[in-house]
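Participant: here are the coordinates; sequence isn't available:
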């Protein structure tokens, strides 16, 4: 017997994994590619159909339709018992399996939190030019897209021409104004080109481009990892800020939002290189806010928690893996990039008029644990 409510594409992944018919169907599908349900834990609150977009073609709509049809027909895979196939209510004790434990909730009729839906505030960025780095994917793409759809002119910067072309095609289809530029933000000459591409006026800068480290503690840290992470996350952020500030001072206003991280608020979210780099981003943010606040500039940072992006964490150190995964026992579910874009655009826009020098934890409550 399945739950009283039929499974659909709008049902959350968590609901599918707790359903006596849906669970073995999902498990069977994952097993075919050598995976288990733990890989879905970061997105368990999302509707199943959201995987179509997030998977970038690996989980098409036809697969969603097939799963729904199988669930409706009670098509439990051979060898799995519909009555006992659902996972138990006990959370896993293995932190390496995923960033957070599955909540114990055996009730098929449990009330789920409504899924967050992006709400566009049309006209919020009308007449404004905003530079967005890392705009080809993840949080950067979501931020560039939202600014454009809210009337802003976007200078989208990324290291991938292909990703930028895809973004531009999507935004221009909606009559948005977007300028794309492939650039290394650590290169002074390329930074100058970014400023020039804005055409003489920059109202906002979203410093989102960044890279992760390999989770190594200081005793195992390689110079190459340290230098690469600091160059992109700190030097690149600084160079863009330094480049846009003179123009903002001349016009008497401007808003900068840097991307920090939960690693800027704690020592247990990443390796020493990434953690140090994000603490440095906080220093850049607060110092600049203090220095230029009276001149009309607002400088803030967002500290994302677990977010669905294309930045992948690697574990080069057994100690780093063990310690970081242990700390992730209270990790909340991963948010979609659009949820982070909502926080970033709030601070970037005039809605954040009275906010300067803050580090906004946009982490689903992780920093409160």
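Facilitator: On my side now, so go ahead. Just so it is clear, the structure is predicted and the values come from calculations on it, not from any experiment. Residues are numbered from 1 along each chain as shown.
Participant: Where does the prediction get shaky in this protein?
Facilitator: Residue ranges of the chain with pLDDT under 70: 1-4, 38-39, 41-42, 54-56, 79-115, 306-317, 319-335, 366, 369.
Participant: if I look at the nearest residue to residue 343 once chain neighbours are set aside, how far off is residue 340?
Facilitator: Of all residues not flanking residue 343 in the chain, residue 362 sits nearest, at 4.0 Å (Cβ to Cβ, 6 or more residues apart in numbering). No exception for glycine: its C-beta is placed from N, CA and C like everyone else's. Going from residue 362 to residue 340 by Cβ to Cβ, to the nearest Å gives 6 Å.
Participant: Those two: who's more crowded?
Facilitator: Of the pair residue 362 and residue 340, residue 340 is the one with more neighbours under other Cβ atoms under 10 Å, namely 26 against 23.
Participant: Please state the backbone phi and psi of the more buried one?
Facilitator: Dihedral pair for residue 340: phi -70, psi -40, per degrees, to the nearest 10.
Participant: Can you get me a residue count around the residue nearest to it when sequence neighbours are not counted?
Facilitator: Closest residue to residue 340 apart from its sequence neighbours, by Cβ to Cβ, 6+ apart: residue 139 at 4.6 Å. Residues lying near residue 139 (other Cβ under 10 Å) number 32.
Participant: Please look at residue 139 and residue 208 and confirm they touch.
Facilitator: Yes - using Cβ atoms under 8 Å, residue 139 is in contact with residue 208, at 5.4 Å.
Participant: what touches both of the two?
Facilitator: Counting by Cβ atoms under 8 Å, 6 or more residues apart in numbering, the contacts common to residue 139 and residue 208 are 259, 344.
Participant: The residue nearest to residue 343 against residue 336, yeah?
Facilitator: No - judged on Cβ under 8 Å, residue 362 makes no contact with residue 336 at a distance of 11.8 Å.
Participant: how far is stretch 15-32 from where the chain is centred?
Facilitator: In terms of Cα atoms, centre = their mean, to the nearest Å, the centre of stretch 15-32 is found 26 Å from the chain centre.
Participant: First-to-last residue distance for that stretch?
Facilitator: End-to-end distance of stretch 15-32 (Cα to Cα, to the nearest Å): 21 Å.
Participant: how near is the nearest residue to residue 272 once chain neighbours are set aside to residue 212?
Facilitator: Closest residue to residue 272 apart from its sequence neighbours, by Cβ to Cβ, 6+ apart: residue 218 at 4.7 Å. Note on residue 218: its distance to residue 212, by Cβ to Cβ, is 17 Å.
Participant: Please apply the same query to residue 40.
Facilitator: 21 Å.
Participant: could you pull out the helices for the stretch 51-200 of the chain?
Facilitator: Remark: helices assigned in the stretch 51-200 of the chain by DSSP state H, counting those that start in this stretch are 51-54, 61-73, 138-149, 161-172, 188-197.
Participant: Single out the most deeply packed of those.
Facilitator: helix 138-149 (a mean of 27; mean count of other Cβ atoms under 10 Å).
Participant: Remind me what it packs against, helices and strands.
Facilitator: The contact analysis (3 or more Cβ pairs under 8 Å, 6 or more residues apart in numbering; DSSP states H and E) places helix 138-149 against strand 129-133, strand 153-158, helix 161-172, strand 177-182, strand 204-207, strand 307-308, helix 337-348.
Participant: what angle do that helix and helix 337-348 make?
Facilitator: 60 degrees (axes from the mean of the first three to the mean of the last three Cα atoms, to 10 degrees).
Participant: got the contact list for residue 276?
Facilitator: residue 230 are the contacts of residue 276 under Cβ under 8 Å, 6+ apart.
Participant: Tell me the strands beside the longest strand along the chain, with direction?
Facilitator: As assigned by DSSP state E, the longest strand anywhere in the chain is strand 297-304. Strand 297-304 pairs in its sheet with strand 254-259 (parallel), strand 359-362 (parallel), by DSSP bridges.
Participant: So what's the gap between it and the chain middle?
Facilitator: Counting by Cα atoms, centre = their mean, strand 297-304 comes out at 16 Å from the chain centroid.
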